[in-house]
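[1] A structural model of the following input is requested.
(one chain, ligands or ions: 1)
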Amino acid sequence: MNKEYDKEYYKSNKPKIQEQNKKYRETNREKMNEKEKNYRESNREKINAKLKCECGCEVMKRHLKKHQATKKHLDKVKNIDSSVQ
Ligand SMILES: [Zn+2]
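    Below you'll find the predicted structure:
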């Protein structure tokens, strides 16, 4: 199957394909939600895992990047830097 054919096929069947996609999403919505819920539950610890930032704060791993951009973090790091010298 070549790309051109795919494109043509998609173009002439767009409403049909969109309808199919919509149906798929609707029939699988619960399944997908369930899957996501299971993922969150089985990875809760991983998702909420905290680690110690270089500034001494305990931060959720997924918030680390955001935390490192906060004034609180930057101030602390600045203080650590100046006390080391
Ligand atoms: Zn920090």
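
[2] Which stretches in the chain count as strands?
    In order along the chain, the chain carries the following strands (DSSP state E): 50-52, 58-60.

[3] Other residues contacting the last one?
    Right, the one you point to is strand 58-60. N48, A49, K50, L51, K52, C53, H67 (C-beta atoms under 8 Å, 6 or more residues apart in numbering). The C-beta positions use only the backbone N, C-alpha and C, and glycine is treated the same way.

[4] at 7 Å instead, please
    Under the contact criterion C-beta atoms under 7 Å, 6 or more residues apart in numbering, strand 58-60 has outside partners N48, K50, L51, K52, C53, H67.

[5] And the pLDDT at the residue positioned nearest the centre of the chain?
    Of all residues in the chain, the one closest to the mean position by C-alpha atoms, centre = their mean is R62, 9.1 Å from it. The predicted local distance difference test score for R62 is 88.

[6] that older thread, T27 is nearest to which of the strands of the chain?
    T27 lies closest to strand 58-60 among these, at 35.0 Å (C-beta to C-beta).

[7] Neighbouring strands of the closest one in the sheet, and parallel or not?
    As defined by DSSP bridges, the strand partners of strand 58-60 come to strand 50-52 (antiparallel).

[8] on that earlier part again, now narrow the contacts of strand 58-60 to whatever sits close to the ion.
    Residues of the contacts of strand 58-60 in contact with the ion (C-beta under 5 Å from the ion): C53.

[9] longest helix of this structure?
    helix 14-42 (DSSP state H).

[10] Write down the beta-bridge partners of the closest residue to H67 other than its chain neighbours, one by one.
    Using C-beta to C-beta, 6 or more residues apart in numbering and skipping the chain neighbours, the partner closest in space to H67 is V59 (4.5 Å). On the basis of DSSP bridges, V59 takes part in beta bridges with L51.
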